[in-house]
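*Asks:* mind folding the following:
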Amino acid sequence: MHRLSRDEARRIAVRAQLLDADRPGDIVEVAEQIGAIKIDPTATIAPAEQTVPWSRIGWGYEPGQLRKAVETDRLLFEHDGCFWAGSLLAPMLSIMRQGPRRQATVDYLEANDAFRRDILSRLRAEGPLAASDFTDTSVVQRDRSSGWYGPNEVPRMLEILARIGEVAIAGRVGRQRLWDLPERVYPADLPVFEPAEAEVLLQQRRLQAAGIVKQKSPWTPVGTVGEPAEVEGSSWKWRVDPEALAALDDDPGGRAAILNPYDRMLFDRPRLTELFDFTYVLEQFKPKAQRVYGYFAHPILVGDRFVGLLDAELDKKKETLVVHAVHEVLPYDDDEREMVEAEIRDLAGWLGVALAGR
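*Replies:* Numbering: from 1, shown residues only. Down below sits the predicted model:
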């Protein structure tokens, strides 16, 4: 049983997410360590798939690197709302191809078998195609009460087929996805794993990306991989990545980082509160009168502490990054304040705009 101080546990978590002073070299290195880069169109400052790598790499990151890695080099792949590390494709496919787990999905596919075959036939003959290229020939529609889907069943069917490995996303035109058959998108020589073996591999990669996680976390399921640990002041049972633990003494130090609200560092909210004493609530879906920090406030990390939130937006017409507020949630000294200010200036510079409101 490893016994860690809270400082040590936080440093492990920060370093696992490549948010310490030792910056990675490129987007492939980022994806291979943190596993997935969330795709989200909310571009108050910039889309998540662009700010996530920038938060790690800094000035060396250019937005075109992502598209090249996904569509040309095929070192990353898009699936289920994220860009994933290429090394995760084989275990993920091994599980996906076991078919849908929910009975409602099984019933939907059976009822719409002709619709499913229509889509696969079109892709085989003409792919890659956008969702708008298909005709909705569904017989049965799924419940639309969630509000996430309109009356057209094509996007929903494509996403279901992607989740069971029958179609794949070949690329994008703007923000529109292009779909094709997996054999034309994925490498042909991928290994095939038994589902149980594939799940262990994915658990190991989740722990690698997190560094340290609650043993029975529903947010970051890791099973029994890694090694058991206790953290000072926490009653939780933890699992820690042994490689992260071994590198604990090799500490490059901290820095300031501005994180997109959909950053993987923020994904496991209970862990965020337990380890960092930081309770983050995204106010995007709150009525304006109930917002405290702003519509899409970006958390600010300094070292291993979340010290504030940046409320800012890009004004494309005026070519400025407008900073409405930098909310301080923890006190920080003059040196740390300068680090935060420098990171905000770097963000504006990376966007290629002037800074306003500061």
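
*Asks:* after the longest strand seen in the chain, next one along is what?
*Replies:* Ranked by number of residues, the top strand in the chain under DSSP state E is strand 305-315. Where DSSP states H and E defines the elements, the next helix or strand beyond strand 305-315 is strand 320-328.

*Asks:* how much does that next one deviate in direction from strand 305-315?
*Replies:* Relative orientation of strand 320-328 with respect to strand 305-315: 160 degrees, computed using axes from the mean of the first three to the mean of the last three Cα atoms, to 10 degrees.

*Asks:* hmm, back to that, relative to the whole chain's centre, how far out is the longest strand of the chain?
*Replies:* The offset between the C-alpha centroid of strand 305-315 and the centroid of the whole chain comes to 19 Å, using Cα atoms, centre = their mean, to the nearest Å.

*Asks:* do stretch 332-343 as well
*Replies:* Its chain's C-alpha centre lies 27 Å from the corresponding centre of stretch 332-343 when counted by Cα atoms, centre = their mean.

*Asks:* go through it and flag the buried ones.
*Replies:* Burial within stretch 332-343, assessed by neighbour count using 16 or more other Cβ atoms under 10 Å, is assigned to 332, 336-337, 339-340, 343. Using the backbone N, CA and C atoms, a C-beta is placed for each residue, glycine as well.

*Asks:* ok, of those, which one's closest to Gly253?
*Replies:* For the buried residues of stretch 332-343, the closest approach to Gly253 (Cβ to Cβ) belongs to Met339, at 11.3 Å.

*Asks:* what is the subsequent helix or strand relative to the helix or strand that contains the closest one?
*Replies:* Here Met339 is covered by helix 334-351, with elements defined by DSSP H and E. Of the helices and strands lying after helix 334-351 in sequence (DSSP H and E), the nearest is strand 354-356.

*Asks:* same question for that next one, mean pLDDT?
*Replies:* Confidence over strand 354-356, taken as the mean pLDDT, stands at 92.

*Asks:* equivalent analysis for stretch 290-310, please.
*Replies:* When pLDDT is averaged along stretch 290-310, the result is 96.

*Asks:* and if you look at stretch 91-107?
*Replies:* The average of the pLDDT scores along stretch 91-107 is 94.

*Asks:* quick one: distance of the helix or strand where Pro53 lies to the chain centre.
*Replies:* Pro53 belongs to helix 48-57 when assigned by DSSP H and E. With Cα atoms, centre = their mean as the basis, the distance from the averaged C-alpha position of helix 48-57 to the chain average is 10 Å.

*Asks:* buried residues in the helix or strand hosting Arg117, which are they?
*Replies:* Element membership of Arg117 [criterion: DSSP H and E] is helix 113-126. Burial within helix 113-126, assessed by neighbour count using 16+ other Cβ under 10 Å, is assigned to 115-116, 118-119, 123.

*Asks:* rebuild the residues you listed as a markdown table, extending it with distance to Asp189 and pLDDT.
*Replies:* Below are the buried residues of helix 113-126 laid out as a markdown table (distance: Cβ to Cβ, whole Å; pLDDT from 0 to 100):
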| residue | distance to Asp189 | pLDDT |
| --- | --- | --- |
| Phe115 | 32 | 97 |
| Arg116 | 27 | 97 |
| Asp118 | 30 | 97 |
| Ile119 | 26 | 98 |
| Leu123 | 22 | 98 |
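
*Asks:* can you list those in TSV and add distance to Val307?
*Replies:* Converted to TSV, the buried residues of helix 113-126 look like this (distance: Cβ to Cβ, whole Å):
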residue	distance to Val307
Phe115	52
Arg116	51
Asp118	54
Ile119	49
Leu123	49
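
*Asks:* and which of those is nearest Val200?
*Replies:* Of all the buried residues of helix 113-126, the one sitting nearest Val200 is Arg116; the distance, using Cβ to Cβ, is 31.2 Å.

*Asks:* helix/strand/coil for the nearest residue to that closest one once chain neighbours are set aside?
*Replies:* In space, not counting the residues next to it along the chain, Arg116 is nearest to Leu109; the distance is 6.1 Å by Cβ to Cβ, 6 or more residues apart in numbering. For Leu109, the secondary structure call by DSSP: H, G, I helix; E, B strand; the rest coil comes out as helix.

*Asks:* kindly report the same for Arg239.
*Replies:* Under three-state DSSP, Arg239 falls in the strand class.

*Asks:* now do the contacts for it.
*Replies:* Taking Cβ atoms under 8 Å, 6 or more residues apart in numbering as the contact definition, Arg239 lies against 207, 212-215, 222, 224-229.

*Asks:* who are the packing partners of the helix holding Arg117?
*Replies:* The contact analysis (3 or more Cβ pairs under 8 Å, 6 or more residues apart in numbering; DSSP states H and E) places helix 113-126 against helix 154-163.
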